[in-house]
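Asker: Just to be clear, the model below is a prediction. Sequence and coordinates:
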Amino acid sequence: MHGRRVWRRSHGMLYLALLALVYTMATHARPANMSSLKDKNPSSKEENEILPPDHLNGVKMEMDGHLNKDFHQEVFLGKDMEEFEEDSEPRKNRKKLIDIFSKVDFNGDQSISAKEMQRWIMEKTEEHFQEAVKENKLSFRAVDPDGDGHVTWDEYRVKFLASKGFNEKEVAEKLKNNEELKVDEETQEVLESLKDRWFQADNPPADQLLNEEEFLSFLHPEHSRGMLKYMVKEIVRDLDQDGDKKLTLSEFISLPMGTVENQQAQDVDDDWVRERKKEFQEVIDANQDGIVTMEELEEYMDPMNEYNALNEAKQMIAVADENQNHNLELEEILKYIPHLSSSWTELHPAWPSRGGPTIAKTPRLEVSLYAFSLSALLLLQACQGSV
C-alpha cells in the first residue's frame with residue numbers, strides 16, 4: 001500500500017514536471033506586445049487582402065509605433081528584397097548587388113555618393129508605392145463584388161467578418177435588417193478601430209463611401225497626407241502618457257505593460273530602448289528640444305520626404321564607408337552585404353524587430369534549458385520520494 005502511494009506521488013510529480021515544461025515553453029514563446037488581431041494567423045488569404053497591414057514597406061515606423069527594422073533593406077533592395085531572402089546562393093546575390101550598384105552609381109564614377117543614394121531611395125520608395133497600388137486593385141475588387149466602384153462600410157464589414165469565419169450571407173442579412181451582430185469583444189474592438197479609420201479615409205465631401213483611391217488610403221495611409229496625419233495621431237495617442245499630444249523621450253521609450261518577464265527579456269528590451277532613444281534624439285526630434293510634436297513625427301514618417309531620404313543615404317553610407325571618403329565603393333557594398341540575410345540592419349544588432357520587445361525574442365535554447373531544468377528538478381524530487 002505504501003509502495004502504491006509512493007508510485008502515485010512519483011507519477012504525480014512527473015506529471016507536474018511535464019506540465020511545467022509545456023507551460024514554461026508556451027509562455028516564453030508567446031509574443032507579449034501584439035494587437036488582439038495580429039496575435040492570430042489570418043484565417044484566409046482574403047483577410048490578408050482587406051485588412052490594413054501593420055507593416056508598410058518603405059515607411060520608417062510600423063502602424064503600432066514600433067520602428068521598422070527592415071527599412072534600410074526595403075529602400076536599398078526594393079522589390080528585389082524578397083529574392084535576397086529566398087535565394088541563399090552567395091554568387092547569385094553578389095551578381096545582383098553588382099547590378100544594383102551600377103544602377104545607383106548614376107554618373108558611372110564607380111562610387112555612390114549621398115545624392116545618388118538619395119535618388120535611389122526615392123526610386124525604391126516609389127517602387128513600393130506602385131506595388132501597393134497593384135495590390136489595392138485586387139483588395140478593392142474583393143470588397144466591391146457588385147463592381148460599382150464604391151464600397152460602403154457595411155459591405156466592407158461583411159467581407160471582414162466573413163474572413164474571420166462568420167457566415168457571409170447571415171451577416172449581410174442581419175445588417176440589411178438592422179439586426180444586432182453578436183461578435184466577441186476582440187472582434188468588436190477591431191471593428192470600431194477600422195470604422196474610425198474608414199471614415200477618416202473618406203475624402204471630403206464625405207459620402208460614407210470609399211472609391212478605389214480612398215480605399216488605398218484606408219489600407220496604406222502613407223499614400224495620403226490626411227491619412228498619414230491620422231496614423232501619426234493614433235501613434236501619439238498610444239504613446240502619450242500625459243495627454244499633451246506630444247512625446248517626450250521617456251514616453252517614446254516606455255515599454256508596454258507585461259513585456260518584461262525575466263532577465264533575458266530585460267536585456268533584449270534594454271537594447272530596444274537604447275535604439276529608440278537614439279532614433280528619438282538624433283532623427284525624429286528635428287529641433288533637438290527634447291519634445292517630438294505631431295508635425296515632427298509626420299515629417300519623419302513621410303516616405304516621400306526628400307530631406308529624410310538624404311539623411312538616410314548619409315547614414316547608410318557611413319555604416320559601410322570603410323575608407324571614410326563619404327562614398328561607397330563596390331568592394332564596400334560586397335563586403336558589408338555578403339549574403340542574402342545581411343543588411344544594414346544586421347550591422348546594428350540592437351535595432352528593434354517588428355513588434356517591439358517580446359518574450360519571443362529570448363533565445364529558444366536558453367528558454368528550453370530553463371524549462372528542462374525546472375522539469376528535471378521536479379523529476380528528481382519525485383524519484384527521491386520513491387526511494
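Answerer: Sure, I can see it.

Asker: Quick one: neighbours of F252, just the number.
Answerer: Neighbour count of F252, defined by other Cβ atoms under 10 Å: 21. In short, each C-beta sits where N, CA and C put it, glycine included.

Asker: Work out for me the element it sits within.
Answerer: F252 is part of helix 249-253 when elements are defined by DSSP states H and E.

Asker: Quickly list the domain ranges of this protein.
Answerer: 1-31+358-387, 36-244+308-357 (automatic domain parsing).

Asker: between those, which gets the lowest average pLDDT?
Answerer: Ranked by mean pLDDT, these end with domain 1-31+358-387 in last place, scoring a mean of 42.

Asker: re earlier: can you dump the C-alpha coordinates of the helix holding F252 into CSV?
Answerer: Presented in CSV, the C-alpha positions along helix 249-253 are these (Å, rounded to 0.1, in the frame of the first residue of the first chain):
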residue,chain,number,x,y,z
LEU,A,249,11.8,60.8,-24.6
SER,A,250,10.6,58.8,-21.7
GLU,A,251,7.2,58.4,-23.3
PHE,A,252,8.7,57.3,-26.6
ILE,A,253,11.0,54.6,-25.0
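
Asker: Show me what that helix is packed against.
Answerer: For helix 249-253, the elements it packs on are helix 263-279, judged by 3 or more Cβ pairs under 8 Å, 6 or more residues apart in numbering; DSSP states H and E.

Asker: avg pLDDT for the helix it packs on?
Answerer: Mean pLDDT, helix 263-279: 75.

Asker: Can you report how many residues neighbour G165?
Answerer: G165 is flanked by 10 other residues according to other Cβ under 10 Å.

Asker: Quick check: it vs D70, distance?
Answerer: As judged by Cβ to Cβ, to the nearest Å, G165 and D70 stand 31 Å apart.

Asker: and D289, how far is that from K335?
Answerer: From D289 to K335 the distance is 39 Å (Cβ to Cβ).

Asker: Please disregard the earlier target; I meant F106.
Answerer: Using Cβ to Cβ, one gets 22 Å for the distance from F106 to K335.

Asker: can you check Q315 too?
Answerer: Counting by Cβ to Cβ, the gap between Q315 and K335 amounts to 18 Å.

Asker: okay, the two: which has more neighbours?
Answerer: Between Q315 and K335, counted using other Cβ under 10 Å, Q315 has the larger neighbour count: 15 against 12.

Asker: Next one: that one from F101, what distance?
Answerer: 18 Å.

Asker: Can you tell me, leaving aside adjacent residues, what's nearest to M122?
Answerer: A309 (5.4 Å; Cβ to Cβ, 6 or more residues apart in numbering).

Asker: Which residue ranges of the stretch 151-300 of the chain form helices?
Answerer: Along the stretch 151-300 of the chain, counting by DSSP state H, counting those that start in this stretch, helices occupy 153-163, 168-176, 185-201, 212-219, 225-239, 249-253, 263-279, 294-301.

Asker: Including distance to L51, could the ones you listed go into TSV?
Answerer: Conversion of the helices of the stretch 151-300 of the chain to TSV gives the following (distance: least, Cβ to Cβ, whole Å):
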stretch	distance to L51
helix 153-163	7
helix 168-176	16
helix 185-201	8
helix 212-219	8
helix 225-239	15
helix 249-253	27
helix 263-279	26
helix 294-301	20
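
Asker: how about those, which one is nearest P90?
Answerer: The minimum distance between P90 and the helices of the stretch 151-300 of the chain falls on helix 263-279, with 28.5 Å, by Cβ to Cβ.

Asker: and V319, how many residues sit next to it?
Answerer: Close neighbours of V319, defined as other Cβ under 10 Å, add up to 15.

Asker: K277 now?
Answerer: Applying other Cβ under 10 Å, I find that K277 has 14 neighbouring residues.

Asker: quick one: it and L249 touch, right?
Answerer: Yes: if you go by Cβ atoms under 8 Å, K277 and L249 touch, sitting 6.5 Å apart.

Asker: okay, now Q130: neighbour count?
Answerer: Q130 has 11 neighbours, counted by other Cβ under 10 Å.

Asker: For stretch 102-111, list every residue counted as buried.
Answerer: Going by neighbour count (16 or more other Cβ atoms under 10 Å), the buried part of stretch 102-111 is 104-105, 111.

Asker: Select from those every entry located in strands.
Answerer: Judged by DSSP state E, the buried residues of stretch 102-111 include S111 as members of strands.

Asker: Generate TSV for the buried residues of stretch 102-111, with distance to E126 as supplementary columns.
Answerer: Formatted as TSV, those follow (distance: Cβ to Cβ, whole Å):
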residue	distance to E126
V104	15
D105	19
S111	24
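
Asker: now, which of the buried residues of stretch 102-111 sits nearest D270?
Answerer: Among the buried residues of stretch 102-111, and counting by Cβ to Cβ, the member closest to D270 is V104, at 35.4 Å.

Asker: which element is the nearest residue to that closest one once chain neighbours are set aside on?
Answerer: Nearest residue to V104, sequence neighbours excluded (Cβ to Cβ, 6+ apart): W120, at 4.5 Å. For W120, the enclosing helix or strand under DSSP H and E is helix 114-143.

Asker: helices and strands around that helix, which ones?
Answerer: helix 45-50, helix 71-77, helix 90-104, helix 153-163, helix 212-219, helix 306-320.

Asker: Export the fourth one to CSV, keeping only CA atoms.
Answerer: Spelled out, it's helix 153-163. C-alpha atoms of helix 153-163 as CSV (Å, rounded to 0.1, in the frame of the first residue of the first chain):
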residue,chain,number,x,y,z
TRP,A,153,-18.9,50.5,-44.6
ASP,A,154,-21.4,47.7,-44.3
GLU,A,155,-20.1,46.0,-47.5
TYR,A,156,-16.6,46.1,-46.0
ARG,A,157,-17.8,44.9,-42.6
VAL,A,158,-19.5,41.8,-44.3
LYS,A,159,-16.3,40.9,-46.1
PHE,A,160,-14.1,41.4,-43.0
LEU,A,161,-16.3,39.3,-40.7
ALA,A,162,-16.5,36.6,-43.4
SER,A,163,-12.7,36.5,-43.5
